[in-house]
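A.B. asks: Mind looking at a prediction? Sequence and model below.
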Amino acid sequence: MKVGVIGCGSIARQRHGYEYFHKDGVEVGGFFDRMTERAEALVNLYGGRVYGSVEEMLADSTIDAVSVCVANAAHAEITIAALNAGKHVLCEKPMAVTEEECEAMVAAARKNGKRLMIGHNQRLAPAHKRGKELLSAGRMGRVLTFQSTFGHKGPEMWSVDQGNHTWFFRKADASFGSMADLGIHKLDLVRYLIGSEIKSVYSTMTVLDKKLPDGSPIEVDDNSVEVLQFENGATGTVTTSWTHYGEECNATILYCEKGIMKLYADPEYSLQIVNADGSVERYALDRMQTNDDEQMASSGVIDEFVDAIVENRKSILDAEDILKSMKAVFACLRSAEEGKAVKP
């Protein structure tokens, strides 16, 4: 399989380019970025050529698949163009900036008979996968309540355009802030773990600390709290933050009929089970990767994208399912605007 990468920011350097380069059976065809020097830098690292435009890459019949790693607002346009050009697509999260765009992306994949997957790496994290297996087997009984947090010190600290001029802070490019940037991971994760659909959401979003270069507050939220109710009765919270300045938090805790499951809540033991009798089981499966990792280990996303296409099988990252998580994100946006609980 020959692949191209569109957008050459940090996620392309540390994830897509790096993982394609190390994936057996994959040839890196090249890169495109509006800032040519960024594409050149990745070609020097991972091979291939620099394309002069998105259109040039999509017109290249030797390219089988592309990763879309551009700013959020351009996800849908480029993804749909790539699918129409006969390419399989791996799109970074969040999938798109409106529900209509997300649905159009899924429709384009279906129409063209091509695969569309979304880079939800948390579904593939070892502790999350093992936790899902235990929950599906009934080991913990029903999930009753939960809390899930994703917080770090902010995208301006690690994105390729470091500083408070980053596109993440501009509504025209990002469309939304920490809730969709980080919360989409956790909304999707709890859907995946609990195995039920979200019935209602109540969301609050705010700007507590981040500022633009002129000192004014950023145009999107830097913190949010969501209360989720699932169709099976499970109720809990998702918290997101771009102001966790001490250390990153990526923990999920599920309170179940038969005990408590803790995921990435401890730096040594990525999965812990506290049984109802107080006994504790600890599993050192892995360490959750953070944005501070200079060169990240494999996220599993590229492996899953390539293997699902080659093996012609359904994928845990298929856009049709991720669309349901995006509907919950858009419900959170409506809830924050209207000040009330809403249905996805």
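C.D. replies: Perfect, I can see it now.
A.B. asks: drop to CA atoms for contacts and neighbour counts, all remaining ones
C.D. replies: Fine.
A.B. asks: how about the helices of the stretch 51-200 of the chain, start to end?
C.D. replies: For the stretch 51-200 of the chain, the helices identified by DSSP state H, counting those that start in this stretch occupy 54-59, 75-84, 99-112, 126-136, 171-174, 178-181, 183-194, in order along the chain.
A.B. asks: Could you list the buried residues of the longest one?
C.D. replies: Burial within helix 99-112, assessed by neighbour count using 16 or more other C-alpha atoms under 10 Å, is assigned to E99, E101, C102, E103, A104, M105, V106, A107, A108, A109.
A.B. asks: Over to the first one?
C.D. replies: Judged by neighbour count using 16+ other C-alpha under 10 Å, the buried positions of helix 54-59 are V54, M57, L58.
A.B. asks: Next: stretch 191-207.
C.D. replies: Burial within stretch 191-207, assessed by neighbour count using 16+ other C-alpha under 10 Å, is assigned to 191-195, 197-207.
A.B. asks: Export the buried residues of helix 54-59 as CSV, with columns for pLDDT.
C.D. replies: Converted to CSV, the buried residues of helix 54-59 look like this (pLDDT from 0 to 100):
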residue, pLDDT
V54, 98
M57, 98
L58, 98
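A.B. asks: what about I309, distance to M1?
C.D. replies: The gap separating I309 from M1 is 10 Å, by C-alpha to C-alpha, to the nearest Å.
A.B. asks: Could you do V43 as well?
C.D. replies: Following C-alpha to C-alpha, the distance that separates V43 from M1 is 17 Å.
A.B. asks: more crowded one of the two?
C.D. replies: Remark: of V43 and M1, V43 carries more neighbours, 19 against 16, as counted by other C-alpha atoms under 10 Å.
A.B. asks: And E226, how far from T239?
C.D. replies: The separation that E226 has from T239, given C-alpha to C-alpha, amounts to 6 Å.
A.B. asks: Taking the buried residues of stretch 191-207 together, which two end up most distant?
C.D. replies: G195 and V207 (32.2 Å; C-alpha to C-alpha).
A.B. asks: What count of nearby residues applies to the spatially closest residue to M157 that is not a sequence neighbour?
C.D. replies: Distance criterion C-alpha to C-alpha, 6 or more residues apart in numbering; nearest residue to M157, sequence neighbours excluded, is G163 at 6.5 Å. The criterion is other C-alpha under 10 Å. On that basis, G163 has 15 neighbouring residues.
A.B. asks: from memory G163 sits against K153, does it?
C.D. replies: No - in terms of C-alpha atoms under 8 Å, G163 does not count as a neighbour of K153; the distance is 12.0 Å.
A.B. asks: any idea of the mean pLDDT in the longest helix anywhere in the chain?
C.D. replies: The residue-count maximum for a helix in the chain (DSSP state H) belongs to helix 319-338. The average pLDDT for helix 319-338 rounds to 96.
A.B. asks: just stretch 132-150 next, same as before
C.D. replies: Averaged across stretch 132-150, the pLDDT comes to 97.
A.B. asks: Just the terminal-to-terminal distance for it.
C.D. replies: The first residue of stretch 132-150 is 19 Å away from its last residue (C-alpha to C-alpha).
A.B. asks: Show me what that stretch is in contact with.
C.D. replies: For stretch 132-150, the external contacting residues (C-alpha atoms under 8 Å, 6 or more residues apart in numbering) are 182-183, 186, 190, 192-194, 233-241, 248-261.
A.B. asks: Now the buried members of those.
C.D. replies: Applying a neighbour-count criterion of 16+ other C-alpha under 10 Å, the buried members of the contacts of stretch 132-150 are 182-183, 186, 190, 192-194, 234-241, 248-261.
A.B. asks: In helices, which of the contacts of stretch 132-150 fall?
C.D. replies: Those of those mapping onto helices are G183, K186, V190, Y192, L193, I194, per DSSP H.
A.B. asks: ok, so what distance separates the residue lying closest to the fifth one once chain neighbours are set aside from T79?
C.D. replies: So the one you mean is L193. Leaving aside its sequence neighbours, L193 sits nearest to K132 (C-alpha to C-alpha, 6+ apart; 5.3 Å). Taking C-alpha to C-alpha as the measure, K132 falls 30 Å from T79.
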